[in-house]
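Visitor: task: produce atomic coordinates for the following.
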Amino acid sequence: MSPISLIIVTIFLVGYALIALEGITRINKAAVALLMFVFTWTVFMFEPESYINIHNPEDLVLTINALVERHLGSTATTLFFLMGAMAIVEVVDRNGGFNFVTNMMRTKSKRSLLWRVAFMTFFLSAILDNLTTSIVMVMLLRKLVKSAKDRVKYAALIIVAANSGGAFSPIGDVTTIMLWNGGMITAGGVIKELLVPSLVSMLVPAFMLMTQLKGELEAPEINKGDEVNELNALQRKVVFLLGVGGLIFVPIFHNLTNLPPFMGILLALGSLWLITEIFYGTGHLAKRENVRNRLSRLLSKVDMSTILFFLGILMAVGCLEEIGVLHLLGVWLNDISGGNHYLVTGIIGVLSSIVDNVPLVAGCMGMYPIEAMGDMAVDGVFWQLLAYCAGVGGSMLIVGSAAGVVVMGLEKISFGNYVKHMTLFSLVGYLSGMFCYYLIRTFIF
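Guide: Residues are numbered from 1 along each chain as shown. Next up, the predicted model:
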């Protein structure tokens, strides 16, 4: 590894450590992530010709700008998706669209709520995606649990259940979408063989977490400002159907048009915005000057700190990808495993809890060709395990998945707090699911 590469990796590791110690340092993780982004790419510029085979100074500068913009474009698709999903959920929630779901989940028993949260998150993330589901469930959780200490545990379970639910669905996670579109897995194959292992990876941590929850819940006080229903019952139902239906339509839109998923989110947001503007611009609401739940007002509720954290961390990982560190890591894994695909994908799953799983999966897709038969065939052991491990493995650390980062930002959960409450449970669930998959492949399929 060159000195420049070593400095870049060191900057990333130091920044990652500061993010992990946010609860101790009290330094906002978004600030650290943004500095990681800028510093890694600044150091990259000291010897860009080491990584880009262009020696003409003018062409080199243009190529570097195009490189950064390419990564920024890839990152922006995630950011716009996140902002759109957060805005949609906020509008539906503040206009009473989730009231019936909240009422259905409401219970005084801490353990009963745990299972309701776990199963709803698991199956909802397979229909929507783990990122959107996490946002929806955290919004609902705030109406059900008053104690911040208890809410951290439920929020941690949301992360695990969302990642596990997304792993068995071809549209539940970015990595499964990548593998599905790349022809490595089929929708029927991944659902058939990964449903049970993914469910196990959620059930085991849930059972372990249940031992820490006893007694009854104290419901949070209702904020009268938040609970004002400015729309009538029919309009609230329309808002719910448009919001949730729009989120469900996103993967369908992606498959029909091959356009990035964030465009489907913006389509859903634009449609919801148009209809609510019509609602608020007609009838008795048209005469009111101060309408609280109009979408233009609710946009201020989008958590920009979380958005900027995503920007910084994803762009820093992009720099690691450009200097070849992730590729070298994949080659090293292949060498030390001796062709044991359970070991390779298992380690990739652990790594996905540290760095973004998208470049890890992308690297594997580029390193290993699809074969006609065997573990590398379509729906083979390697590709299905990769889908499972990259998705579920991200639950071991809160920064290891998009769902974790979002929940971290929304509920202000520290890295250390998550490690304390969920990392060990998630690891046990992760390994249990892998063992379950081994039994299924060995004795059933």
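
Visitor: all contacts plus neighbour counts: C-alpha atoms, from now on.
Guide: Will do.

Visitor: ranges for the helices of the stretch 151-300 of the chain?
Guide: Here the stretch 151-300 of the chain has its helices, by DSSP state H, counting those that start in this stretch, at 174-181, 187-210, 233-257, 261-280, 295-298.

Visitor: out of these, which comes closest to T102?
Guide: Closest to T102 of the helices of the stretch 151-300 of the chain is helix 233-257 (CA to CA; 13.0 Å).

Visitor: list the helices and strands the closest one packs on?
Guide: helix 57-94, helix 261-280 (3 or more CA pairs under 8 Å, 6 or more residues apart in numbering; DSSP states H and E).

Visitor: buried residues in the first one?
Guide: Within helix 57-94, the residues that qualify as buried by neighbour count (16 or more other CA atoms under 10 Å) are 60, 63-64, 67-68, 71-72, 75-76, 78-94.

Visitor: pretty sure K146 is in a helix, no?
Guide: No. Checked against DSSP: H, G, I helix; E, B strand; the rest coil, K146 lies outside a helix; its state is coil.

Visitor: does it touch E218 like I think?
Guide: Yes. With contact defined as CA atoms under 8 Å, K146 reaches E218; the gap is 5.8 Å.

Visitor: straight-line length of stretch 386-403, end to end?
Guide: The first and final residues of stretch 386-403 sit 18 Å from each other (CA to CA, to the nearest Å).

Visitor: pLDDT on that stretch, on average?
Guide: For stretch 386-403, the mean pLDDT works out to 86.

Visitor: swap in stretch 16-35?
Guide: Taken as a whole, stretch 16-35 has a mean pLDDT of 82.

Visitor: same thing with stretch 59-75?
Guide: 83.

Visitor: may I have it as PDB, with CA atoms only?
Guide: This file holds the C-alpha atoms of stretch 59-75, laid out as PDB (Å, rounded to 0.1, in the frame of the first residue of the first chain):
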ATOM      1  CA  ASP A  59      -7.200  15.700 -18.900                       C
ATOM      2  CA  LEU A  60      -6.200  14.500 -15.400                       C
ATOM      3  CA  VAL A  61      -8.100  17.400 -13.700                       C
ATOM      4  CA  LEU A  62     -11.200  16.800 -15.900                       C
ATOM      5  CA  THR A  63     -11.100  13.100 -15.100                       C
ATOM      6  CA  ILE A  64     -10.800  13.700 -11.400                       C
ATOM      7  CA  ASN A  65     -13.700  16.100 -11.400                       C
ATOM      8  CA  ALA A  66     -15.800  13.600 -13.400                       C
ATOM      9  CA  LEU A  67     -14.700  10.900 -10.800                       C
ATOM     10  CA  VAL A  68     -15.800  12.900  -7.800                       C
ATOM     11  CA  GLU A  69     -19.100  13.900  -9.600                       C
ATOM     12  CA  ARG A  70     -19.800  10.300 -10.400                       C
ATOM     13  CA  HIS A  71     -19.500   9.300  -6.700                       C
ATOM     14  CA  LEU A  72     -21.500  12.400  -5.800                       C
ATOM     15  CA  GLY A  73     -24.200  11.400  -8.200                       C
ATOM     16  CA  SER A  74     -24.300   7.900  -6.800                       C
ATOM     17  CA  THR A  75     -24.500   9.300  -3.300                       C
END
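
Visitor: can you list the residues that contact it?
Guide: Stretch 59-75 has contacts (CA atoms under 8 Å, 6 or more residues apart in numbering) with 48-49, 52, 54, 311, 314-315, 318.

Visitor: can I get the residues you listed in CSV including pLDDT and secondary structure?
Guide: Below are those laid out as CSV (pLDDT from 0 to 100; DSSP: H, G, I helix; E, B strand; the rest coil):
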residue, pLDDT, secondary structure
P48, 82, helix
E49, 80, helix
I52, 80, coil
I54, 72, coil
L311, 86, helix
L314, 79, helix
M315, 87, helix
G318, 83, helix
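
Visitor: just the buried ones from those residues?
Guide: 48, 311, 314-315, 318.

Visitor: closest one of those residues to V355?
Guide: Relative to V355, the closest of these is L314; by CA to CA it sits at 8.9 Å.

Visitor: nearest residue to that closest one other than its sequence neighbours?
Guide: T75 (6.4 Å; CA to CA, 6 or more residues apart in numbering).

Visitor: do P260 as well
Guide: Nearest residue to P260, sequence neighbours excluded (CA to CA, 6+ apart): H254, at 6.2 Å.

Visitor: repeat for V406
Guide: T306 (6.6 Å).

Visitor: next one: the helix or strand harbouring that neighbour to chain centre, how far?
Guide: Secondary structure assigned from DSSP states H and E places T306 in helix 304-322. Averaging C-alpha positions (CA atoms, centre = their mean, to the nearest Å) puts helix 304-322 14 Å from its chain's average.

Visitor: related to what we said a few turns ago, TSV please, covering the buried ones among the contacts of stretch 59-75 and showing distance to A403.
Guide: Shown next, in TSV, are the buried ones among the contacts of stretch 59-75 (distance: CA to CA, whole Å):
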residue	distance to A403
P48	33
L311	15
L314	14
M315	18
G318	19
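
Visitor: out of the residues you listed, which comes closest to L247?
Guide: L311 (22.5 Å).

Visitor: in contact with that closest one, which residues?
Guide: Per CA under 8 Å, 6+ apart, neighbours of L311: 33-34, 75-76, 79.

Visitor: nearest to S353 among these?
Guide: The closest of the contacts of L311, once distances to S353 are taken by CA to CA, is A33, at 16.4 Å.

Visitor: in what helix or strand does the closest one lie?
Guide: helix 29-44.

Visitor: after the lowest-mean-pLDDT helix or strand in the chain, which helix or strand is next?
Guide: Counting by mean pLDDT, DSSP states H and E, the chain has its least confident helix or strand at helix 357-367, which shows a mean of 66. For helix 357-367, the succeeding helix or strand toward the C-terminus, using DSSP H and E, is helix 381-392.
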